[in-house]
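Visitor: Coordinates only, no sequence provided:
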DNA sequence: CGGCAAACCTGCGAGC
DNA sequence: TGCTCGCAGGTTTGCC
C-alpha cells in the first residue's frame, strides 16, 4: 500500500515513540520476507538507543546512537502498528515486534511479505545497494523541473512508466503518478523524453503538490498520525482520478456519456487512470 | 541497454 | 453460503 506520503506518515508517527528511547527487545517471528531478515538484525538493535527516525524514498530509517541504521521497506501490504504496554499477543502477519524500554511495542505486519528490512552502518548508507541507484527525493531540493527534464531526456518509454522508475524520482508509486499526471494535464501515454521545458516544470510542481497534500492529509485527519487501532500511515484518501474509472473527471465539465469520464488503461502491467480530454 | 511479463505472496470483493 | 477469478499501493529478474 505505501507510497511516499504513507511512509512519511509512518515516520512521523514513529518519531515520538522511538526517538531517544532504547530498544529493549526485537522479536523476529518470520524471517522470510522478500529478502530474508539478516541474522544479526535483532542483536544489533537490542539495547541500542534510537537517535532519529527518518525517511528516504519509500524506506523508513531508524538511526541508532551505535552508528547502525535499520531500514524497512513496506512493499505492497506492509503496515506498522504501535501497541501500548501489555498488548494483545502478536497476530499471524506480525513478522517483527520491537519492544521499547518503556514497554511500547512497534509491530511490522505484512501479509504478502513483499517488504524487507536491513541493517547497515549509517555512514555507508549512501552506498547501500538499495539506495545507490535511487534518484532524487521529490520532497527535497534536488528535485525540480530542470532535474526532472534531464532524467527524462531521451527516454523512449511512456511518462507513466518513467515515473515508476525509482532512478528518475525516488518515492512515487502507481497511485500518485496517476494523480500527478492528472494535476499537470500531461497524458500518461506521452513519450517520457518529450516531457521537457515547461511541461517538466509543470509535472515537477504537480508531483510536489500532490505529495504535500497527501502528507498533510495524513497528519491532519489523525491524532498524532496514529489511528485508534494503533496503525500508522493510512488515512482517508481523496484521489482525483485513481480508482475512479467511469466517473466524471473532476477537472473538466465534459459530458460523461460522450467522453467516458475517467479512463483506466494498463501500462507496464499496472493500472493508470486519466482523463483523455484534460491530459495531453 | 530497453521494454515487458512474470515472479514473489496473501487477502478481498465481485460474480456465479 | 461457498467457490473461483481477478485484482491489489513494489521491486527484481529474466527473456527477447
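Guide: Alright, I've got the coordinates. All values reported here derive from a predicted model rather than from experimental measurement. Numbering: from 1, shown residues only, chains lettered A, B, ... in the order given.

Visitor: list the buried ones in stretch A:113-120?
Guide: Within stretch A:113-120, the residues that qualify as buried by neighbour count (16 or more other Cβ atoms under 10 Å) are A:113, A:115, A:116, A:117, A:118, A:119, A:120. Glycine gets a C-beta too; all of them are placed from N, C-alpha and C.

Visitor: Kindly indicate which of those lies nearest residue A:28.
Guide: The closest of the buried residues of stretch A:113-120 to residue A:28 turns out to be residue A:117 (Cβ to Cβ; 8.9 Å).

Visitor: counting contacts, what elements does the helix or strand where that closest one lies pack onto?
Guide: In the assignment (DSSP states H and E), residue A:117 maps to strand A:116-121. On a contact count with 3 or more Cβ pairs under 8 Å, 6 or more residues apart in numbering; DSSP states H and E, strand A:116-121 meets helix A:41-45, strand A:68-73.

Visitor: which helices and strands does the longest one pack with?
Guide: Read that as strand A:68-73. Where contact means 3+ Cβ pairs under 8 Å, 6+ apart, strand A:68-73 is packed against helix A:41-45, strand A:59-64, strand A:116-121.

Visitor: So which bits of the second one are buried?
Guide: With burial defined by 16+ other Cβ under 10 Å, the residues of strand A:59-64 counted as buried are A:59, A:60, A:61, A:62, A:63, A:64.

Visitor: Run through the residues that contact residue A:212.
Guide: Counting by Cβ atoms under 8 Å, 6 or more residues apart in numbering, residue A:212 makes contact with residue A:139.

Visitor: cool, and residue A:255?
Guide: By Cβ under 8 Å, 6+ apart, the contact set of residue A:255 is empty.

Visitor: how close does it get to DNA strand B?
Guide: Shown here: residue A:255 relative to DNA strand B, a distance of 25 Å by Cβ to the nearest atom of the strand, to the nearest Å.

Visitor: again with residue A:63
Guide: Residue A:63 is 28 Å from DNA strand B, by Cβ to the nearest atom of the strand.

Visitor: Report the beta-bridge partners for that residue.
Guide: Beta bridges link residue A:63 to residue A:52, residue A:69 when assigned by DSSP bridges.

Visitor: about what we covered before: contacts for the strand holding residue A:117, please.
Guide: Under the criterion Cβ under 8 Å, 6+ apart, residues A:33-35, A:37-38, A:40-41, A:44-45, A:67-73, A:75, A:96, A:108, A:128, A:130 lie in contact with strand A:116-121.

Visitor: Using PyMOL, define a selection of the buried residues within the residues you listed.
Guide: Buried residues among the contacts of strand A:116-121 (16+ other Cβ under 10 Å), as a PyMOL selection:
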select buried, chain A and resi 33+37+38+41+44+45+68+69+70+71+72+73+75+96+108+128+130
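
Visitor: Noted, bye for now.
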